[in-house]
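Chemist: Predicted model and sequence below, questions to follow.
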Amino acid sequence: MIASPEPAPSPVRSSREAGVETPATVPTVEVTAILGAGREAVILHKGERYRLRVTANDKLILTK
């Protein structure tokens with residue numbers, strides 16, 4: 001039996017808390033930096049308002 005070589009390290013870092021992988025070049029922001037102690041915030045993008053909120057199930061939802 002021939003052993004397979006070890007895979008090359010990925011240029012991706014893992015976020016253990018979220019369980020997702022993001023490229024190392026993508027900025028990572030704690031949600032508390034956006035929401036503070038609250039459960040929602042308004043985000044402006046190209047003059048449009050979006051609402052980011054934490055649901056009752058502790059998930060994030062972004063709506064226009």
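Modeler: Thanks, I have it.
Chemist: Please make it C-alpha for all contacts and neighbour counts, starting now.
Modeler: Will do.
Chemist: Distance check, Glu40 against Glu21.
Modeler: Distance, Glu40 to Glu21, by Cα to Cα, to the nearest Å: 25 Å.
Chemist: okay, these two: which has more neighbours?
Modeler: Between Glu40 and Glu21, counted using other Cα atoms under 10 Å, the more crowded position is Glu40 (18 against 11).
Chemist: Mind listing the residues bridging to the more buried one?
Modeler: Taking DSSP bridges as the rule, Glu40 bridges to Arg53.
Chemist: That one and Leu52 touch, don't they?
Modeler: Yes. Contact criterion Cα atoms under 8 Å: Glu40 and Leu52 qualify, at 5.4 Å.
Chemist: Skip the chain neighbours and tell me the closest residue to Leu35.
Modeler: Leaving aside its sequence neighbours, Leu35 sits nearest to Ala41 (Cα to Cα, 6 or more residues apart in numbering; 5.6 Å).
Chemist: actually Ile43, sorry about that
Modeler: Nearest in space to Ile43, with sequence neighbours left out and distances taken as Cα to Cα, 6+ apart, is Tyr50 at 5.1 Å.
Chemist: ditto for Ile34
Modeler: Nearest one to Ile34, counting by Cα to Cα, 6+ apart, is Ala41 at 7.0 Å.
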